[in-house]
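Peer 1: Need a 3D model of the sequence below.
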Amino acid sequence: MSTANMVRIYLKNKPYMQEALENGIVNMSALARRIQKELKISDYLAVKAAVRRYYQQLEKTKSTIEQRALSVLKGNRITIIDGISILVLDKDVEIQNSAKVKVNNYFIYLCENRDLKKAKIKNGIIHKYENCAALNIESEENVENVSGVMAYVTSLFAEYNINIIELISCYTQNLFVIRKEDTLRAYELISEIVK
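Peer 2: Numbering: from 1, shown residues only. Take a look at the predicted model:
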């Protein structure tokens, strides 16, 4: 395997290093020395050149994804839905006004807090998130044909330490279930993009 491929694979498996490269906060010479040592490659200059090429490709890709995402997100409508619960069960139950997905042996429900309380489920609960909020980004139909839009939004949330509890993306609706305390920050981030 070539030095360039070894370096590329190494960096792809280290997301924190990729992020540091993307943000321009890494000393490429020091990174090349570290990679050279860890991968036991004798040619330092080849490693450093591979790191630089990887960085340049990363910049191009990030810029392209960001431009595509921003062009699709401009003018989108944002809605906040408060009082949302997520419930993961090992059995199928009836919860009014809920969205249900079966994944392997689990049933995942998205519902309003009041409907969850009415259901009075006693057992079979694997996990429960109560009193969350949902941020819905309503896009144009072309969102389905543009890659990287959800990746852009999710990486933006990650950058600002906003944890996505659930993500549902279907047709033009992109629903991010988040902690209630993150709602305002998430709304401000997305509203800056869509205006």
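Peer 1: In this protein, what residue spans correspond to helices?
Peer 2: Secondary structure of the chain (DSSP state H): helices at 3-12, 15-22, 28-39, 44-73, 113-119, 149-159, 183-194.
Peer 1: what packs against the shortest one?
Peer 2: This points to helix 113-119. Helices and strands touching helix 113-119, by 3 or more Cβ pairs under 8 Å, 6 or more residues apart in numbering; DSSP states H and E, are strand 77-89, strand 125-138. (Glycine included, C-beta is placed from N, CA and C.)
Peer 1: And it, what's buried?
Peer 2: Burial within helix 113-119, assessed by neighbour count using 16 or more other Cβ atoms under 10 Å, is assigned to 116, 119.
Peer 1: Any regions of this protein where pLDDT drops low?
Peer 2: For the chain, the stretches with pLDDT under 70 are 63.
Peer 1: now the residue at the greatest distance from the centre of it, nearest residue through space, not along the chain?
Peer 2: For the chain, the residue at maximal distance from the C-alpha centroid (Cα atoms, centre = their mean) is residue 42, at 37.2 Å. Nearest residue to residue 42, sequence neighbours excluded (Cβ to Cβ, 6 or more residues apart in numbering): residue 36, at 7.9 Å.
Peer 1: again with residue 177
Peer 2: residue 166 (4.0 Å).
Peer 1: if I pick that neighbour, what's in contact with it?
Peer 2: Neighbour list for residue 166: 86, 108, 110, 129, 175, 176, 177 [criterion: Cβ atoms under 8 Å, 6 or more residues apart in numbering].
Peer 1: most centrally placed residue in the protein?
Peer 2: Among the residues of the chain, the one closest to the centroid is residue 154, at 2.9 Å (Cα atoms, centre = their mean).
Peer 1: Wait, it touches residue 164, no?
Peer 2: Yes - Residue 154 is within contact range of residue 164, at 6.3 Å (criterion: Cβ atoms under 8 Å).
Peer 1: how about stretch 73-93 as PDB, C-alpha atoms only?
Peer 2: The C-alpha trace of stretch 73-93 is given here as PDB (Å, rounded to 0.1, in the frame of the first residue of the first chain):
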ATOM      1  CA  LEU A  73     -31.300  25.500   3.100                       C
ATOM      2  CA  LYS A  74     -31.800  29.100   2.100                       C
ATOM      3  CA  GLY A  75     -35.400  30.200   2.600                       C
ATOM      4  CA  ASN A  76     -36.400  27.000   4.500                       C
ATOM      5  CA  ARG A  77     -39.100  27.200   7.100                       C
ATOM      6  CA  ILE A  78     -38.200  26.300  10.700                       C
ATOM      7  CA  THR A  79     -40.700  25.100  13.300                       C
ATOM      8  CA  ILE A  80     -40.100  24.200  16.900                       C
ATOM      9  CA  ILE A  81     -42.300  21.600  18.500                       C
ATOM     10  CA  ASP A  82     -42.100  21.500  22.300                       C
ATOM     11  CA  GLY A  83     -43.100  18.700  24.700                       C
ATOM     12  CA  ILE A  84     -41.800  15.700  22.600                       C
ATOM     13  CA  SER A  85     -40.900  12.300  24.000                       C
ATOM     14  CA  ILE A  86     -38.900   9.500  22.500                       C
ATOM     15  CA  LEU A  87     -39.600   5.900  23.700                       C
ATOM     16  CA  VAL A  88     -37.700   2.800  22.800                       C
ATOM     17  CA  LEU A  89     -39.600  -0.500  23.700                       C
ATOM     18  CA  ASP A  90     -39.100  -4.200  23.100                       C
ATOM     19  CA  LYS A  91     -42.700  -4.600  22.300                       C
ATOM     20  CA  ASP A  92     -45.400  -3.000  20.100                       C
ATOM     21  CA  VAL A  93     -47.900  -0.800  22.000                       C
END
